[in-house]
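J.: Please work out how this folds:
(one chain, ligands or ions: 1)
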Amino acid sequence: MEVYVMDHDQQSSPAVIITDLVFVDDVYAVVTLTADGELRSVGQERRQLTMKKDVIGFVVEGKQIRVKAVVERGGGGICCGESDGDFTRKDFVFEPLYEDAKNRWCYSLRRYLDSLGRPKRLLVFVNPFGGKKSANKIFVKEVKPLLEDADIQLDVQETKYQLHAKEIVRSMDVSKYDGIVCVSGDGVLVEVVNGLLEREDWRNALKLPIGMVPAGTGNGMIKSLLDSVGLRCCASSATISIIRGHKRSVDVATISQGTTKFFSVLMLAWGLVADIDIESEKFRWMGSARIDFYALQRILCLRQYNGRILFIPAPGFESYGQLVSNSLYKEPPPISDKELGYQGPDAKFEDLEWREIKGPFVSVWLHNVPWGAENTLAAPDAKFSDGFLDLVVLKTCPKLVLLSLLRQLSDGTHVHSPYVSYLKVKAFVLEPGARVDEPDKEGIIDSDGEVLARGRKTYKCDQKALMSYDKLQITVDQGLATLFSPEY
Ligand SMILES: Nc1ncnc2c1ncn2[C@@H]1O[C@H](COP(=O)(O)OP(=O)(O)OP(=O)(O)O)[C@@H](O)[C@H]1O
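T.: Numbering: from 1, shown residues only. All right, here's what the predicted structure looks like:
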């Protein structure tokens, strides 16, 4: 029924898609769906839902239609999941008077929801190993019911071992899905991005949006996405943003050493932060307290590392460091026939103006998005797709100041400290050196929670790292990957 309704106050109001006399709670009411997506009920009570924002799906229950809705709460209220969240369930049930009317309502609601471009088929990775090992429970109790309410078909894959998600993504049929969801920490997200980029059809594969549901220790990406619109980092808010299907592009950094590459969407750390992140693994039994506990230990016995960093500053940051004639940066070798995946940005960096900062360093930290973890606002000015990485450098710092800087990480005010240099860079070279106090020992280079390189003679570890503790270079490709994101 397509009618154009004249309004008393305005010249015209949005076209009516369907309007009917129905029962709401056994009382007559008029329910209307308009072309601008308002679903209104006028009867004993007035109700209004916005299809785009509030409605996640609908279902027929006998003679009734249940419109499944989640409404953003304005302070107070309850979350629709287990944990505290920002949405409350507000289903709307009505009963069309005739079977024929019910069918017309179903057709109109379905057509409207289909026009919103929301995902219909998702591949879901659940990492049972991440964080507090509660990803399965989070998925079953909080994520699956919402995705099913939204009538999304799910292929669920529990990850069985490290790099399992990457393996699947590298060879999956991307045309089967409208997105990939990771119920995990950031580790599985990074595997998915790397898997997509290693495919021959990476350009097309990268259009597949990736959704995150926080279920790990490090949930920096989803925290960054939700926090940017004032939502709390919880499974229900994350799931609702996936259902609504908005997307956001995110920069991808290519970290390379010779022909070896790693693609990062979160961060790279060398020095204090990497040492805390990786070495605290041995205290994993402590849960998230391991980080604070080990950070204290590391500050009391503070290490400094020799080395050098070189970078191309973003416009406005040219005053940092000194100009250099030889950047050490090497353009990647031409692609051989065998290397079919993504090889890094096409841009040339070798002849641009490079600047350097020489060590010793306490910490060097590069960030792509603001939050490194749910309680770490590492780079408050970082943007998802500005084509730059935020660089946080700490060369030296009294221990007491350092302790308070670590506390300030929770609100991002550490970047205002006179001991911290905070700038944006387009490309970066790290030349890591040995520890100042024990020159026979070197450090760790960590990217997105993975050890990229371990110093020689420093760590007894059977696992071989991807790269050696030597010069590596980083370039950024603007907005290369796609994420499901709340509307911003
Ligand atoms: N079944 C499994 N057993 C062991 N490791 C796994 C399994 N499934 C996935 N992994 C690995 O777990 C790592 C961490 O995953 P994820 O990011 O989800 O959790 P996290 O809690 O944020 O990580 P971490 O606790 O290491 O900081 C990933 O590198 C992933 O490859």
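J.: how near is residue 160 to residue 217?
T.: Separation of residue 160 from residue 217 (Cβ to Cβ, to the nearest Å): 19 Å. The way it works is simple: take the backbone N, C-alpha and C, and place the C-beta from them, glycine included.
J.: now swap in residue 318 and tell me
T.: In this structure, residue 318 and residue 217 are 37 Å apart, going by Cβ to Cβ.
J.: ok, now residue 49?
T.: With Cβ to Cβ as the criterion, residue 49 and residue 217 are 37 Å apart.
J.: the more surrounded of residue 318 and residue 217?
T.: Shown here are residue 318 and residue 217; by other Cβ atoms under 10 Å, residue 217 has more neighbours (20 against 13).
J.: confidence score at that one?
T.: pLDDT, residue 217: 81.
J.: Can you list the buried residues in stretch 350-366?
T.: Using 16 or more other Cβ atoms under 10 Å as the test for burial, stretch 350-366 gives 354, 355, 356, 357, 359, 360, 361, 362, 363, 364, 365, 366.
J.: quick one: which of the residues you listed sit in strands?
T.: Within the buried residues of stretch 350-366, residues falling in strands by DSSP state E are 355, 356, 357, 363, 364, 365, 366.
J.: follow-up on the earlier one: which two among the buried residues of stretch 350-366 are spaced furthest apart?
T.: Based on Cβ to Cβ, the longest span within these runs between 354 and 362 and measures 22.9 Å.
J.: in the stretch 101-250 of the chain, which spans are strands?
T.: Ranges of strands in the stretch 101-250 of the chain, per DSSP state E, counting those that start in this stretch, are 121-126, 153-158, 179-184, 210-214, 247-257.
J.: I'd like the buried residues of stretch 350-366 as JSON lines, with distance to the ligand and pLDDT appended.
T.: JSON lines is the format used below for the buried residues of stretch 350-366 (distance: Cβ to the nearest ligand atom, whole Å; pLDDT from 0 to 100):
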{"residue": "354", "distance to the ligand": "33", "pLDDT": "92"}
{"residue": "355", "distance to the ligand": "33", "pLDDT": "95"}
{"residue": "356", "distance to the ligand": "32", "pLDDT": "95"}
{"residue": "357", "distance to the ligand": "29", "pLDDT": "97"}
{"residue": "359", "distance to the ligand": "27", "pLDDT": "87"}
{"residue": "360", "distance to the ligand": "28", "pLDDT": "96"}
{"residue": "361", "distance to the ligand": "24", "pLDDT": "97"}
{"residue": "362", "distance to the ligand": "22", "pLDDT": "96"}
{"residue": "363", "distance to the ligand": "19", "pLDDT": "97"}
{"residue": "364", "distance to the ligand": "20", "pLDDT": "98"}
{"residue": "365", "distance to the ligand": "16", "pLDDT": "96"}
{"residue": "366", "distance to the ligand": "18", "pLDDT": "97"}
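J.: Could you export these as CSV, including distance to residue 121?
T.: Listed next are the buried residues of stretch 350-366 as CSV, based on distance: Cβ to Cβ, whole Å:
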residue, distance to residue 121
354, 46
355, 48
356, 49
357, 48
359, 50
360, 52
361, 47
362, 48
363, 43
364, 42
365, 38
366, 35
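J.: with the residues you listed in mind, which one is nearest to residue 376?
T.: Using Cβ to Cβ, the buried residues of stretch 350-366 come closest to residue 376 at residue 365, 10.3 Å.
J.: hey, what's that closest one bridged with?
T.: Beta-bridge partners for residue 365, by DSSP bridges, are residue 269, residue 392.
J.: That one contacts residue 267, doesn't it?
T.: Yes. Using Cβ atoms under 8 Å, residue 365 is in contact with residue 267, at 6.7 Å.
J.: Which residues are in contact with each of these two?
T.: Shared contacts of residue 365 and residue 267, defined by Cβ atoms under 8 Å, 6 or more residues apart in numbering, comprise residue 378.
J.: before we move on, back to that, between the strands of the stretch 101-250 of the chain, which one is nearest to the ligand?
T.: Distance to the ligand, taken as Cβ to the nearest ligand atom, is lowest for strand 179-184 among those, at 3.1 Å.
J.: Give me the angle between that closest one and strand 247-257.
T.: 70 degrees (axes from the mean of the first three to the mean of the last three Cα atoms, to 10 degrees).
J.: So which other helices or strands are in contact with strand 179-184?
T.: strand 121-126, helix 135-138, helix 186-197, strand 210-214, helix 235-244 (3 or more Cβ pairs under 8 Å, 6 or more residues apart in numbering; DSSP states H and E).
J.: what's that strand in contact with?
T.: So strand 179-184 is in contact with 119, 122-127, 130, 135, 138-139, 143, 159, 165, 169, 188-189, 192, 208-213, 215-216, 235, 242, 484, going by Cβ under 8 Å, 6+ apart.
J.: Now the buried members of the residues you listed.
T.: 119, 122-127, 130, 135, 138-139, 143, 159, 165, 169, 188-189, 192, 208-213, 215-216, 235, 242, 484.
J.: show me which of the residues you listed neighbour the ligand.
T.: 127, 130, 159, 188, 216 (Cβ under 6 Å from any ligand atom).
J.: Name the nearest residue to residue 51, ignoring sequence neighbours.
T.: residue 37 (3.8 Å; Cβ to Cβ, 6 or more residues apart in numbering).
J.: what residue ranges in the stretch 301-450 of the chain are flagged as low confidence?
T.: 327, 333-339 (pLDDT under 70).
J.: just the helices in it please.
T.: 399-408 (DSSP state H, counting those that start in this stretch).
J.: Out of the strands of the stretch 101-250 of the chain, which is closest to residue 282?
T.: Checking those against residue 282 by Cβ to Cβ gives strand 179-184 as the closest, at 22.1 Å.
J.: In the closest one, which residues are buried?
T.: 179, 180, 181, 182, 183, 184.
J.: In the sheet, which residues pair with the first one? Tell me.
T.: Translated: residue 179. Beta-bridge partners, per DSSP bridges, of residue 179: residue 122.
J.: Would you pull up the residue in this structure closest to the ligand?
T.: residue 185 (1.7 Å).
J.: any idea of the pLDDT on that residue?
T.: Reported pLDDT for residue 185: 92.
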